[in-house]
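> Sequence first, then the predicted structure:
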Amino acid sequence: MFELLTERLEGAFKKLRGHGRLSESNIDEAMREVRRALLEADVNYKVARSFIAKVKEEAIGQEVLKTVSPSQQVVKVVHDQLVGLMGNQSAGLTLSETPPSVVMMVGLQGAGKTTTSGKLGLLLKSQGKNPLLVAADVYRPAAVDQLRILGEQVGVPVYHAPEGTDPVDICKQAMDRATENHHDVVILDTAGRLHVDDERMDEVFNIREAVTPSDILFVCDAMTGQDAVAAASAFYEKLNFTGVVLTRMDSDTRGGAALSIREVTGVPIKFIGTSEKPEGLEIFHPDRMASRILGMGDVLTLVERAQSTIDEDQAKKIEQKLRTASFTFDDFLEQMAQIRKMGPLDQLMKMIPGVSKAMPDMQVDEGAFSHIEAIIFSMTKDERAKPHIINGSRRKRIAKGSGQNIQEVNKLIKQFNMMQKMMKRMSRMEKSGRMAMPMLQ
Amino acid sequence: MLSRLIDKFKKGLAKTREGMVQKIREVIRLRPKLDEETLEEIEEILIQADVGIDPTLRIIDSLRERIASGEKVEDPENMVQEFLEDEIRKILQPEKAAPVTEISNKPHVILIVGVNGVGKTTSIGKLAQKFANEGKKVLLAAGDTFRAAAIEQLDIWATRTGSDIVKHQPGADSASVAFDALQAAQSRGSDIVLIDTAGRLHTKVNLMEEVKKIRRVIDKALPGAPHETLLVLDATTGQNAVTQARQFHETCELTGLILAKLDGTAKGGVVIAIADDLDLPVRFVGLGEGPDDLDDFDAENFVRALFEG
């Protein structure tokens, strides 16, 4: 997400290294780099300016600690300020005490409101709620159909009115429907509108007046440039929205808009969109994001995902097998499946500290996994359990069966053998108490 | 005709002008001495317009040189404006912006690509309208088989503009939609084929491979096609637009850009950033929500409209 910003900040702090103390002049140089990095990341220039001023004040005033280097000290200040800027803690959805609660989605065209509405519906449903989606975008061709189809996909009912119905009336009618059918949350998918389009801004204001939402979410593309501030301010002035959803966070955008919107409206970023799939909506964690910006990786998210997807018993079983070196190709398949359940690999890799810096253009070819799977599936049960029996003619057959060339088969078997050897060595080391088993629990 | 175009640009860019030119004039009025501080403020104005840090720094550097040359400046306001105008025109290289291609192929095939939500389908609708207005027989290919109701959306545009449409079921292979569309276009004698594709982030390898395949299949169905591959960019997008253009260009040999939603943003400077980075002309700009709100991009007009008070 913020990889490039991270790189720039690291570059800036490198210059601080080697200086014994934080002086105004050596900080200035680093701060110029930080400012440039922020601007390149589409952070609004005013926000960048005030951010720099705050960091500088904090840093210069600080006593120089003996135990840490000046650059580490500044990193901490920048980190704290970033966390502060993005809100100190994550905020969930606000629902009213008496159902149905109304959640209203607003934003510019193409920000991702309809997709996010569907995702939110699924999220609420998985939390045991009974949501109702409302198609209030009467302008974009087929927007109603889009929400209807999304609703079907995630199993959430969609209220839509005949063509020509006024959006305000649609929302009012939807409220009646919600009461009738005991829906506890109503999600209004409003049309995209420009912040300078007075007529449409009045319309969305009237919807708000008619249904008093408990949460109004401003949906914003994370790739938005300097204009994010103008759009967000205008929407905020008109609607006093209460939360922000940043979409397309799975792109390589530097995402400066996140910092800007938060700073100018003071409204918390509540969710981020992380994929095209209905499950791709996550809670926004300011502290994690700040860590990420500073190149500390996003280990927490990785661990959380692992915990929610990896079957612990399975992991224990595999670990046991690794220890006794009875790890087979079937176990290998199993392990691969578990990892893939956690999400796209390139996303996972980027959460690991240092990876984005070491391999900025890293592309993980998910297809390679399918090839490996095909090769293993082309082995007999015996071969999978006892890899050492795979001889030349078996390799040829496996290659043919999997549609791969024989070199690919050889490569896989070689890698597998190496892995087994390594595991053996590691469990021996562990027995002698030198090293703990890494990564598997 | 020309003045109508300029007017439209001016209207669409009114906010850009207010955002940029007025502020620059103001800065200089308040600080008639062209010192470092003034330069810094001009720099921030350019950055705020999404011009991008590299072109901005370069422009500011040459402005600094110009000032340092010791030339006596009578009217700093005009000097700076003219100077910036010249610099930006140099980057945009209007002579390189493609003229409206003489359409000699039948059918003339245009493939439309871009990330999600930039306005691909809407741009296709507007393009269809434009070609229909010119008396051309247009066929649309509903190649976005992924997003819910994308096919329906294009269908509505087909009805609106009186174009033919070739569509498959949701989830179908987009390349096969393109293939069928080309066959249909050849047998029906269409003049223009506009091929829609699903929105895809430029960072997703698989999806970028898919668009490569669509391009290959098009070439197979009609050798030499697509005659144009246009990337749609959202004008509100910040510096990431440059990365998008770069990635898509690498994958599918773009021939030009469509800059959508230019009426909505106070900026538009992203064009300058992209022109600075890639040798790609902006072909069309979207300046409103109506079916007719799509115009040929003319760098000369663009710069003129940007700076005319």
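Right, received. Where do you want to start?
> In chain B, which residue sits closest to chain A?
residue B:238 (2.5 Å; Cβ to the nearest Cβ). C-beta here means a position set from N, CA and C on the backbone, and glycine is covered the same way.
> what does the model give that residue for pLDDT?
With respect to pLDDT, residue B:238 scores 88.
> how about it, phi and psi?
Main-chain torsions, residue B:238, degrees, to the nearest 10: phi -90, psi -140.
> Enumerate the residues of the stretch 201-309 of chain B near chain A.
With Cβ under 8 Å from any Cβ of the partner chain as the criterion, the stretch 201-309 of chain B meets chain A at residues B:201-203, B:205-206, B:234, B:236-241, B:243, B:261, B:263-267, B:270, B:289.
> Let's see which of the residues you listed end up in helices.
B:205, B:206, B:240, B:241, B:243, B:270 (DSSP state H).
> Farthest-apart pair in those residues, please.
Spatially, the most separated pair among these is B:206 and B:270, at 27.0 Å (Cβ to Cβ).
> Can you tell me the number of residues neighbouring the residue of chain B closest to chain A?
For residue B:238, the count of nearby residues is 32 (other Cβ atoms under 10 Å in any protein chain shown).
> list the contacts for the nearest residue to it once chain neighbours are set aside?
Across the structure, with Cβ to Cβ, 6 or more residues apart in numbering or on different chains as the measure, the residue nearest residue B:238 apart from its sequence neighbours is residue A:225 (2.5 Å). Contact criterion Cβ atoms under 8 Å, 6 or more residues apart in numbering or on different chains gives A:42, A:257, B:50, B:236, B:237, B:238, B:239, B:240, B:241, B:265, B:267, B:270 as the residues in contact with residue A:225.
> now do residue A:247
When contacts are counted by Cβ under 8 Å, 6+ apart, residue A:247 is found next to A:111, A:112, A:115, A:116, A:219, A:220, A:221, A:222, A:272, A:273, B:117.
> got it, and residue B:259?
Shown here is residue B:259, whose contacts under the criterion Cβ under 8 Å, 6+ apart are B:233, B:235, B:268, B:270, B:271, B:282, B:284, B:285, B:286, B:297.
> Just to be sure, which of these are found in strands?
Among these, DSSP state E puts B:233, B:282, B:284, B:285, B:286 in strands.
> coming back round to it: now, of the residues of the stretch 201-309 of chain B next to chain A, which are buried?
The neighbour-count test (16 or more other Cβ atoms under 10 Å in any protein chain shown) marks B:201-203, B:205, B:234, B:236-241, B:243, B:261, B:263-267, B:270, B:289 as buried among these.
> any chance of the ones in helices among the residues of the stretch 201-309 of chain B next to chain A in JSON lines, plus distance to residue A:386?
JSON lines is the format used below for those (distance: Cβ to Cβ, whole Å):
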{"residue": "B:205", "distance to residue A:386": "35"}
{"residue": "B:206", "distance to residue A:386": "35"}
{"residue": "B:240", "distance to residue A:386": "51"}
{"residue": "B:241", "distance to residue A:386": "55"}
{"residue": "B:243", "distance to residue A:386": "49"}
{"residue": "B:270", "distance to residue A:386": "60"}
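> which one of the residues you listed sits closest to residue A:50?
In terms of Cβ to Cβ, no member of those lies closer to residue A:50 than residue B:240, at 23.3 Å.
> Which helix or strand contains residue B:258?
Using DSSP states H and E, residue B:258 sits within strand B:256-260.
> Measure how far that strand is from the centre of its chain, please.
Relative to its parent chain, strand B:256-260 has a centroid offset of 2 Å by Cα atoms, centre = their mean, to the nearest Å.
> now it against strand B:282-286, angle please.
Angle between the axes of strand B:256-260 and strand B:282-286 is 20 degrees (criterion: axes from the mean of the first three to the mean of the last three Cα atoms, to 10 degrees).
> What ranges does the chain have for its strands?
I'll assume chain A. In chain A, the segments counted as strands under DSSP E are A:101-106, A:131-136, A:158-159, A:185-190, A:215-221, A:243-247, A:269-273, A:281-283.
> Oops, wrong one, chain B.
Along chain B, counting by DSSP E, strands occupy B:108-113, B:138-141, B:164-166, B:192-195, B:228-234, B:256-260, B:282-286, B:294-296.
> related to what we said a few turns ago, of the contacts of residue A:247 - the most surrounded one?
Among the contacts of residue A:247, where neighbours are counted by other Cβ under 10 Å, the top count belongs to residue A:221, at 30 neighbours.
> is it true that that residue touches residue B:238?
No. Using Cβ atoms under 8 Å, residue A:221 makes no contact with residue B:238, being 9.5 Å away.
> and residue 113, what does it touch?
Using chain A. Contact partners of residue A:113, counting by Cβ under 8 Å, 6+ apart, are A:105, A:106, A:107, A:137, A:189, A:190, A:192, A:219.
> sorry, should have said chain B
Applying Cβ under 8 Å, 6+ apart, we find residue B:113 in contact with B:120, B:197, B:200, B:211, B:229, B:230, B:231, B:232, B:248, B:252, B:254.
> Most neighbours among those, which one is it?
Neighbour-wise, the contacts of residue B:113 (other Cβ under 10 Å) top out at residue B:197, 31 neighbours.
> show me what contacts residue B:168?
B:142, B:145, B:151, B:176, B:177, B:180.
> which ones are touching the fifth one?
So that's residue B:177. Taking Cβ under 8 Å, 6+ apart as the definition of contact, the neighbours of residue B:177 are B:141, B:142, B:143, B:145, B:166, B:167, B:168, B:195.
> What is the lowest-pLDDT residue among the ones in strands among the contacts of residue B:259?
Confidence by pLDDT is poorest for residue B:282 among these, given 84.
> Run through the bridge partners of that one.
Partner residues in beta bridges with residue B:282: residue B:257, with DSSP bridges as the criterion.
> Just give me the neighbour total for it.
Residues near residue B:282, counting by other Cβ under 10 Å, number 24.
> thinking it is in contact with residue B:271, fair?
Yes. Taking Cβ under 8 Å as the contact criterion, residue B:282 and residue B:271 are neighbours in contact, 5.9 Å apart.
> how many neighbours does residue B:140 have?
Residue B:140 has 27 nearby residues by other Cβ under 10 Å.
> hey, where'd the helices end up in the stretch 1-150 of chain A?
A:3-16, A:24-40, A:45-61, A:70-85, A:113-126, A:143-154 (DSSP state H, counting those that start in this stretch).
> ok, the closest residue to chain B within chain A to residue B:60 distance?
Proximity of chain A to chain B (Cβ to the nearest Cβ) peaks at residue A:225, 2.5 Å away. Look at residue A:225 and residue B:60: by Cβ to Cβ, to the nearest Å, they are 19 Å apart.
> Tell me who's in contact with residue B:249.
Under the criterion of Cβ under 8 Å, 6+ apart, the neighbours of residue B:249 are B:231, B:278, B:280.
> Is it possible to get a markdown table of the residues you listed that adds pLDDT and distance to residue A:183?
Output for the contacts of residue B:249, formatted as a markdown table (pLDDT from 0 to 100; distance: Cβ to Cβ, whole Å):
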| residue | pLDDT | distance to residue A:183 |
| --- | --- | --- |
| B:231 | 95 | 41 |
| B:278 | 83 | 49 |
| B:280 | 83 | 49 |
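> The residue lying closest to residue B:77 once chain neighbours are set aside: neighbour count?
Among residues not flanking residue B:77 along the chain, residue B:28 sits closest, at 4.9 Å (Cβ to Cβ, 6+ apart). With neighbours defined by other Cβ under 10 Å, the count for residue B:28 comes to 21.
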